[in-house]
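Visitor: Provided below are the primary sequence and the corresponding predicted coordinates.
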Amino acid sequence: MASIDLNADLGEGDPYDVALLQIVSSCNVACGGHAGDVKTMRATVRSAVENGVSIGAHPSYPDREGFGRRSRYLSGEALLTSLIDQIESLNSVVLEAGAVLTHIKPHGALYNDAVNDRELADLIARAIKATVPDAAFVGLPESELEAAALAHKRVFVAEGFIDRAYQVNGQLVPRSEPGAVHKSLELVLPQAVSLVGKVDTLCIHGDTPGAAEVAAAVRQELEKQGVDIRAFSR
């Protein structure tokens, strides 16, 4: 039987977190860069543990005003220090809850910038190595993110997006362009099914309108197709 992980970006102040944690198998928790604080991290981690959901960090450019979506917001050692601080903050909460931080997935512009930027992707890998060396590195396949993970001997988890449009080169359509975010199940469901076997995990963004309903429909469709939903860390 084919299997795949279903992940969601959570702890960002959206209303769907509790419902999503009853559907997904992994979550990526905002840890203070673009959103989140100790209170939200604790609440999200507690709910994830209660639902048996694997927990990952979702570090970003330290840009709360721009929700981490402003390209090249910070670089170099200042960015490295921020990413380490973000990951360590969440890891402390996770350990406090008696759980394990299984993976790291960069957020927003940091993720997109690093797809084609070897130096930036390397910096993210260094942050992972300095904080939670056993954590997997989640990112876009056949990108600098994957290359950096392999170079630093990190486990790489290839990610696909069920609610985002793709360019012909396999990268995501920028959010600034029309149609970048899929808003109908007629687009989401076939895309989710088509990605099975090509990636290790599928992402549903927690801030997508009706995110919980979309995730539930995707899970139902995948299971109907004989796909087992389970965390890649298991």
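Guide: Cool, the structure landed. Since the model is a prediction, treat every value here as computed from it, not as a measurement. Residues are numbered from 1 along each chain as shown.
Visitor: what would stretch 219-234 look like as CSV? C-alpha coordinates only.
Guide: Output in CSV follows, covering the C-alpha atoms of stretch 219-234 (Å, rounded to 0.1, in the frame of the first residue of the first chain):
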residue,chain,number,x,y,z
ARG,A,219,-7.4,12.7,3.4
GLN,A,220,-10.7,11.0,2.5
GLU,A,221,-9.8,11.0,-1.2
LEU,A,222,-6.3,9.6,-0.6
GLU,A,223,-7.6,6.9,1.6
LYS,A,224,-10.3,6.1,-1.0
GLN,A,225,-7.4,5.7,-3.5
GLY,A,226,-5.8,3.2,-1.1
VAL,A,227,-3.1,5.6,0.3
ASP,A,228,-2.1,5.2,3.9
ILE,A,229,-1.7,8.5,5.8
ARG,A,230,1.2,8.4,8.3
ALA,A,231,4.0,10.6,9.5
PHE,A,232,7.2,10.2,7.5
SER,A,233,9.0,10.1,10.9
ARG,A,234,7.3,6.7,11.5
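Visitor: list the buried residues in it.
Guide: Judged by neighbour count (16 or more other Cβ atoms under 10 Å), stretch 219-234 contains these buried residues: R219, E221, L222, V227, I229, A231, F232, S233. Any C-beta I mention is one placed from the backbone N, CA and C, and that applies to glycine too.
Visitor: which element follows the lengthiest strand in the chain toward the C-terminus?
Guide: Taking DSSP state E as the criterion, the chain has its longest strand at strand 3-10. The first helix or strand that comes after strand 3-10 along the chain, using DSSP states H and E, is helix 17-20.
Visitor: could you list every helix and strand that that following helix packs against?
Guide: strand 3-10, helix 38-50, helix 211-224 (3 or more Cβ pairs under 8 Å, 6 or more residues apart in numbering; DSSP states H and E).
Visitor: can you give me the mean pLDDT across the following helix or strand past that helix?
Guide: Going down the chain from helix 17-20, the next helix or strand is strand 26-30, by DSSP H and E. Here strand 26-30 scores 98 as its mean pLDDT.
Visitor: could you export strand 26-30 as CSV, CA atoms only?
Guide: Provided in CSV are the C-alpha atoms of strand 26-30 (Å, rounded to 0.1, in the frame of the first residue of the first chain):
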residue,chain,number,x,y,z
SER,A,26,2.7,16.0,10.9
CYS,A,27,2.7,19.7,11.8
ASN,A,28,5.1,22.6,11.4
VAL,A,29,4.9,25.0,14.3
ALA,A,30,5.6,28.7,14.0
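Visitor: that strand vs strand 3-10, what angle?
Guide: Interaxial angle, strand 26-30 versus strand 3-10 (axes from the mean of the first three to the mean of the last three Cα atoms, to 10 degrees): 20 degrees.
Visitor: dump the residue contacts of G160.
Guide: L195, K198, V199, T201, L202, C203 (Cβ atoms under 8 Å, 6 or more residues apart in numbering).
Visitor: and for P178, the neighbour number?
Guide: 7 (other Cβ atoms under 10 Å).
Visitor: before we move on, back to that, pLDDT of the longest strand of the chain, averaged?
Guide: Strand 3-10 comes out at a mean pLDDT of 96.
Visitor: then stretch 81-91?
Guide: Rounded mean pLDDT across stretch 81-91 is 98.
Visitor: now swap in stretch 66-77 and tell me
Guide: Mean predicted confidence for stretch 66-77 is 96.
Visitor: how long is it from one end to the other?
Guide: Length of stretch 66-77, first residue to last, Cα to Cα, to the nearest Å: 21 Å.
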